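Asker: My questions concern the predicted model and sequence given below.
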Amino acid sequence: MRQTHALTPSHALASTSNTTTRRTEGDLSNMSFSFIDSPGACFVRWGDPTARDVAQTFLRVRAAADTYGMPVAYVSYVPATTPPPHPSVCAYLSRIAPRLSTVCSSVYFVLEGSGFHVARKRGVLLTAFSTVQQHRKYVVCRDCGEVYQHAPSQEMNALRLVLIRARETGLWDGGLRRRLPSTSRPPSWLPAPSC
């Protein structure tokens, strides 16, 4: 599995967004995005990206599909604290959305939180992906655990691997702190390993 991060504060991205750096504790608050891929799936955690960051992410998703020789399931995770995207990012996302559908078998938009900010983020997605052919699967979820409820069986293992890796690297807490006491068994939505 590969993992990359763009950790430059969003106001300084114009000149340095090609830089990727290893994440250290506390950096999640100022990153523009962090990307992980595994065979058959990609995961990105968004901070406050620029259009250039969206382009870099698309190139990484396309490279993963080429590397693994198949369209990938793509999980786009937006924490509740992430601000709605800048209008230039929205416009670029609308232009790139049709190309994303060619390299992804399914796209899962995980928008945590509630209220006006989440409604704005959903509106951005609706606008960007309204022109994309409906034969691809686009799903908006409240948390990463909900991805499993919508995933077809052939994507389940790939999604499981990439979400476990995202949880292990601190990009997503897995909801385990909210859902389980520390001594409980794994959540029911987490499929058992197929050994």
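Answerer: Alright, I've got the coordinates. Not measured: the values here are computed from a predicted model.

Asker: Quick check: which element contains the most centrally placed residue in the chain?
Answerer: Central residue of the chain (CA atoms, centre = their mean): Ser76, 2.1 Å from the mean position. Counting by DSSP states H and E, the element that carries Ser76 is strand 72-78.

Asker: Tell me the spacing between Ser88 and Ser105.
Answerer: 29 Å (CB to CB, to the nearest Å). The way it works is simple: take the backbone N, C-alpha and C, and place the C-beta from them, glycine included.

Asker: And Thr81, by the same measure?
Answerer: The value you get for Thr81 to Ser105, if CB to CB is used, is 29 Å.

Asker: Among these two, which residue is more densely surrounded?
Answerer: Ser105 (20 against 11; other CB atoms under 10 Å).

Asker: list the contacts for the more buried one?
Answerer: Contact partners of Ser105, counting by CB atoms under 8 Å, 6 or more residues apart in numbering, are 70-73, 136-137, 155.

Asker: Single out whichever of these has the smallest pLDDT.
Answerer: Among the contacts of Ser105, Arg136 has the lowest pLDDT, at 59.

Asker: Now for this protein, the helix or strand with the poorest mean pLDDT.
Answerer: helix 13-16 (a mean of 28; mean pLDDT, DSSP states H and E).

Asker: Switch the contacts of Ser105 over to TSV; also include neighbour count and distance to Arg45.
Answerer: Formatted as TSV, the contacts of Ser105 follow (neighbours: other CB atoms under 10 Å; distance: CB to CB, whole Å):
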residue	neighbour count	distance to Arg45
Met70	14	23
Pro71	18	21
Val72	27	16
Ala73	24	16
Arg136	17	22
Lys137	16	21
Glu155	21	19
